[in-house]
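[1] how would this look folded up:
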Amino acid sequence: MLQVGPPAETERADAVRNRARILDAARTILDASGVDALTMDAVAREAGLGKGTVFRRFGSRSQLLLTLLNSTEEEFQRGFLAGPPPLGPGANPVDRLIAFGRARLDLLGVQGDLLRAAEASAESRYSSPARAASVLHITMLLRSGGVQGDVPVLATTLNSTLDAALVLHENRVGSVSMERIANGWEDLVRRVTAPQQT
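    A predicted model of the protein is given here:
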């Protein structure tokens with residue numbers, strides 16, 4: 001399983017307590033006011049800790065957000081790596097790819113704002129382990145489905161259509177329903193994976 005946030009370290013007992021306090025404080029802010037209110041200053045105040053402690057534990061707001069996303073992302077990865085078909089093994093590659101996109105969009109419907117905020121920083125937007133896992137999985141499914149051409153580029157392009165900021169903009173500003181976006185994903189996948197004419 002590829003983690004979204006920073007890897008777990010061996011920590012002193014007080015560091016473990018501080019980490020838990022910071023994560024609890026961040027969840028409290030998210031629940032009460034949403035992701036845009038989650039600043040390092042606000043987390044430090046809510047946790048009753050110095051801002052420096054928050055930065056030492058997580059490094060940046062993006063890393064804190066990615067850590068909050070980690071458990072949900074691990075569950076999503078378990079689903080496409082070992083869950084029941086069609087998302088997991090046992091279905092044909094095209095059906096799995098369609099299910100992958102639909103499951104990702106369902107996840108964005110629940111925590112898209114958190115993911116959008118976590119991806120806002122240049123340091124994590126395109127280089128997070130979760131994104132790498134998704135692109136690798138899409139690449140594998142495209143190859144298993146017999147797709148020809150530059151499959152890694154196709155996989156990256158397909159994955160980019162599931163970008164949190166893009167999907168939320170399309171849904172909220174463009175008034176495109178999540179169901180319609182999911183249907184568009186399926187249409188795109190079927191076009192990309194259709195047998196090529198020679």
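[2] so which bits of the helix ranked longest in the chain are buried?
    Counting residues, the longest helix found in the chain (DSSP state H) is helix 93-118. Neighbour-count burial for helix 93-118 flags 93-105, 107-108, 111-118 (criterion: 16 or more other C-beta atoms under 10 Å). In this view, the C-beta of every residue, glycine as well, is placed from N, C-alpha and C.
[3] who does it touch, helix- and strand-wise?
    On a contact count with 3 or more C-beta pairs under 8 Å, 6 or more residues apart in numbering; DSSP states H and E, helix 93-118 meets helix 61-82, helix 129-144, helix 164-172, helix 178-193.
[4] can you do 10 Å?
    Where contact means 3 or more C-beta pairs under 10 Å, 6 or more residues apart in numbering; DSSP states H and E, helix 93-118 is packed against helix 13-33, helix 61-82, helix 129-144, helix 151-160, helix 164-172, helix 178-193.
[5] out of those, which gets nearest to residue 52?
    helix 13-33 (11.1 Å; C-beta to C-beta).
[6] how about the closest one: buried residues?
    In helix 13-33, counting by 16+ other C-beta under 10 Å, buried: 18, 19, 21, 22, 23, 25, 26, 29, 30.
[7] redo those as JSON lines? Include distance to residue 137.
    Below are the buried residues of helix 13-33 laid out as JSON lines (distance: C-beta to C-beta, whole Å):
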{"residue": "18", "distance to residue 137": "35"}
{"residue": "19", "distance to residue 137": "30"}
{"residue": "21", "distance to residue 137": "35"}
{"residue": "22", "distance to residue 137": "31"}
{"residue": "23", "distance to residue 137": "28"}
{"residue": "25", "distance to residue 137": "33"}
{"residue": "26", "distance to residue 137": "28"}
{"residue": "29", "distance to residue 137": "32"}
{"residue": "30", "distance to residue 137": "28"}
